[in-house]
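1. Need a 3D model of the following:
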Amino acid sequence: MNWRSIVFCIVVSLCAWGGSSCGDPSEAPRVQLPVVVDASGLTPLTTDLGYEVELTSVRLAINGIVFTIAGEVHTASLWQTLSEAILPKAHAHPGHNQGGEVTGELPGELIVDWPADDGRELGVATLIAATYSASNFTFWRGSAENLDAEDPLVGHTAILSGTATKGGQATDFTIIVDSPIGRELVGAPFNATINANTTGTLNLRFNAVDALEGDTVFDTIDFAALAVDGSVVIEPGVPEVEEAYNTFRRAFQTHDHYSIEHKE
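-> Numbers count the residues shown, from 1 in each chain. The predicted structure follows:
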C-alpha cells in the first residue's frame, strides 16, 4: 500500500468518526468504480468561422483524476490537511460546477486516447460515498515509461488530428499541445450520487463542443489560411501558427471541454 492509499484510508476513518457530513454518521463506505474512456463527445461540429470539423484522434496525457464534493466537510481543518496530502492542489478555483473537498481519486499517470480506446478501462477509482459535483486532473507529458520511445506523444501533453472543411476545401490538421508542467484542470462536471451499492462506470469524455455555451475548442482558428498543400500542423514554437496555437491551448485547458458521467 503506497502513502496516498494510506492517507486515503485515514481520511475514510476520520469521516466515519467525524459525522454525517462525510456520509452516514456511523460509517463512510468506500466505493470502487472503473474509469473508462468515452468517445461520445467527439461528434462532428461547426466552428464560429464556419469550418466543419471531424476529429479522428485526441490523445492526452494526464496525472491522476480526483473527484470532489461541494462545500466543507464537518471535520474541515483536519480534512483539508489530509486532502492536501492526497493532492496538494485540490483547493483551486472551481469551474462550471463548484469544486470542493476531494473525496475520491484515481491516481497515476494516464494516457487517454479518444476514440481509439473507447470503452477501455483506465483504472479503478476509490470514492467515499457522497454526492459529487466536479472532477479535476493535472495535465502531464507523455513519457517513454508508459509509451513506446518513438511515440509522438512522448514529451507532449496532447496530440489531436482531424479534418476541417469549409466551402468544399478540406484541410487536414494536427495540433500538438504542451501544457505547463503541473497545470491543473479544475471543475469538470461530475454530477453523481455515490453510495455503498453503486455500480457501473465513470465515463471520461473530451467534449469538443462546450455543452453549456456551445463554443467549440477550435473557435477562431482559420485552418485554410494556415494550410500548406492542404494540411497544417499547429504546434508550439512555430511563429506562423503561434496565435492559433495559443488560442487553441487556452481553450483546450479549460474545464468546458471535459466531463465525467456515472453510467450504470
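2. Just the CA trace of stretch 103-112, in CSV.
-> Extracted in CSV, the C-alpha atoms of stretch 103-112 (Å, rounded to 0.1, in the frame of the first residue of the first chain):
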residue,chain,number,x,y,z
THR,A,103,-13.3,12.6,-1.6
GLY,A,104,-12.3,10.3,-4.4
GLU,A,105,-9.3,9.6,-6.7
LEU,A,106,-7.8,7.6,-9.4
PRO,A,107,-4.0,8.2,-9.0
GLY,A,108,-1.2,7.6,-11.5
GLU,A,109,-0.1,8.8,-15.0
LEU,A,110,-2.8,8.0,-17.6
ILE,A,111,-2.8,8.2,-21.4
VAL,A,112,-6.3,8.8,-22.8
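3. which helices and strands does the longest strand that the chain contains pack with?
-> Ranked by number of residues, the top strand in the chain under DSSP state E is strand 52-70. Contacts defined by 3 or more CB pairs under 8 Å, 6 or more residues apart in numbering; DSSP states H and E place strand 52-70 against strand 45-46, strand 100-114, strand 121-128, strand 130-139, strand 158-166, strand 201-206. Quick note: C-beta positions are derived from backbone N, CA and C, even for glycine.
4. Which of these sits closest to Asn146?
-> Nearest to Asn146 among those is strand 100-114; the distance by CB to CB comes to 5.8 Å.
5. in the closest one, what counts as buried?
-> Judged by neighbour count (16 or more other CB atoms under 10 Å), strand 100-114 contains these buried residues: 100-107, 110-114.
6. and if you look at stretch 59-72?
-> Within stretch 59-72, the residues that count as buried by 16+ other CB under 10 Å are 59-69.
7. Just flag the most distant two among these.
-> Of all pairs in the buried residues of stretch 59-72, the most separated under CB to CB is Arg59 and Ile69 at 30.5 Å.
8. Reformat the buried residues of strand 100-114 as JSON lines; add distance to Leu42 and pLDDT.
-> Below are the buried residues of strand 100-114 laid out as JSON lines (distance: CB to CB, whole Å; pLDDT from 0 to 100):
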{"residue": "Gly100", "distance to Leu42": "30", "pLDDT": "74"}
{"residue": "Glu101", "distance to Leu42": "32", "pLDDT": "90"}
{"residue": "Val102", "distance to Leu42": "28", "pLDDT": "93"}
{"residue": "Thr103", "distance to Leu42": "30", "pLDDT": "94"}
{"residue": "Gly104", "distance to Leu42": "26", "pLDDT": "97"}
{"residue": "Glu105", "distance to Leu42": "26", "pLDDT": "97"}
{"residue": "Leu106", "distance to Leu42": "22", "pLDDT": "98"}
{"residue": "Pro107", "distance to Leu42": "26", "pLDDT": "97"}
{"residue": "Leu110", "distance to Leu42": "18", "pLDDT": "97"}
{"residue": "Ile111", "distance to Leu42": "17", "pLDDT": "97"}
{"residue": "Val112", "distance to Leu42": "12", "pLDDT": "98"}
{"residue": "Asp113", "distance to Leu42": "11", "pLDDT": "98"}
{"residue": "Trp114", "distance to Leu42": "6", "pLDDT": "98"}
